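J.: Provided below are the primary sequence and the corresponding predicted coordinates.
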Amino acid sequence: EKKNPTLAAILNFLVPGIGYLYARKRETFGWIVLTATILSTIYSFNKPELVSNFMFVISSIVLSTGFAYDVYVELKPRKK
């Protein structure tokens, strides 16, 4: 079954790791990223000052963008 690269990228941007699991690409890595995302989210609820930290927010956005791009490129058909 062919997976939609745009949907996988959006999923990976919103919840890092989910896009990999949807795409069935790099599933082990997807589980690791998803687990780290869940744990860091739980941790940030206990440390509200972390969420307001500029570097934390920027690094989260950069990582999410990188994961979205990675799964998109992985699924996009290559030109020959």
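T.: Structure's in. What do you need?

J.: the bottom helix or strand of the chain by mean pLDDT?
T.: The helix or strand of the chain with the lowest confidence, counting by mean pLDDT, DSSP states H and E, is helix 48-51 at a mean of 70.

J.: can you list contacts of the helix or strand that that one is followed by?
T.: Using DSSP states H and E, the next helix or strand after helix 48-51 towards the C-terminus is helix 54-75. If you take Cβ atoms under 8 Å, 6 or more residues apart in numbering as the criterion, helix 54-75 is touched by 3-6, 8-10, 12-14, 16-17, 19-20, 23, 25-26, 33, 44, 50-51. Every C-beta, even on glycine, is put in place using the N, C-alpha and C of the backbone.

J.: which residues touch the most centrally placed residue in the chain?
T.: In the chain, the centroid-proximal residue (Cα atoms, centre = their mean) is P16; its distance is 2.0 Å. The neighbourhood of P16, defined by Cβ under 8 Å, 6+ apart, consists of V33, L34, A36, T37, L63, S64, F67.

J.: with E49 instead?
T.: So E49 contacts nothing (Cβ under 8 Å, 6+ apart).

J.: could you measure from it over to Y43?
T.: 12 Å (Cβ to Cβ, to the nearest Å).

J.: any of the contacts of helix 54-75 buried? List them.
T.: By neighbour count, with 16 or more other Cβ atoms under 10 Å, the contacts of helix 54-75 hold 5, 8-10, 12-13, 16-17, 19-20, 23, 25-26, 33 as buried.

J.: rebuild the residues you listed as JSON lines, extending it with distance to V73.
T.: JSON lines is the format used below for the buried ones among the contacts of helix 54-75 (distance: Cβ to Cβ, whole Å):
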{"residue": "P5", "distance to V73": "8"}
{"residue": "A8", "distance to V73": "10"}
{"residue": "A9", "distance to V73": "9"}
{"residue": "I10", "distance to V73": "14"}
{"residue": "N12", "distance to V73": "11"}
{"residue": "F13", "distance to V73": "14"}
{"residue": "P16", "distance to V73": "16"}
{"residue": "G17", "distance to V73": "17"}
{"residue": "G19", "distance to V73": "12"}
{"residue": "Y20", "distance to V73": "12"}
{"residue": "A23", "distance to V73": "11"}
{"residue": "K25", "distance to V73": "10"}
{"residue": "R26", "distance to V73": "12"}
{"residue": "V33", "distance to V73": "16"}
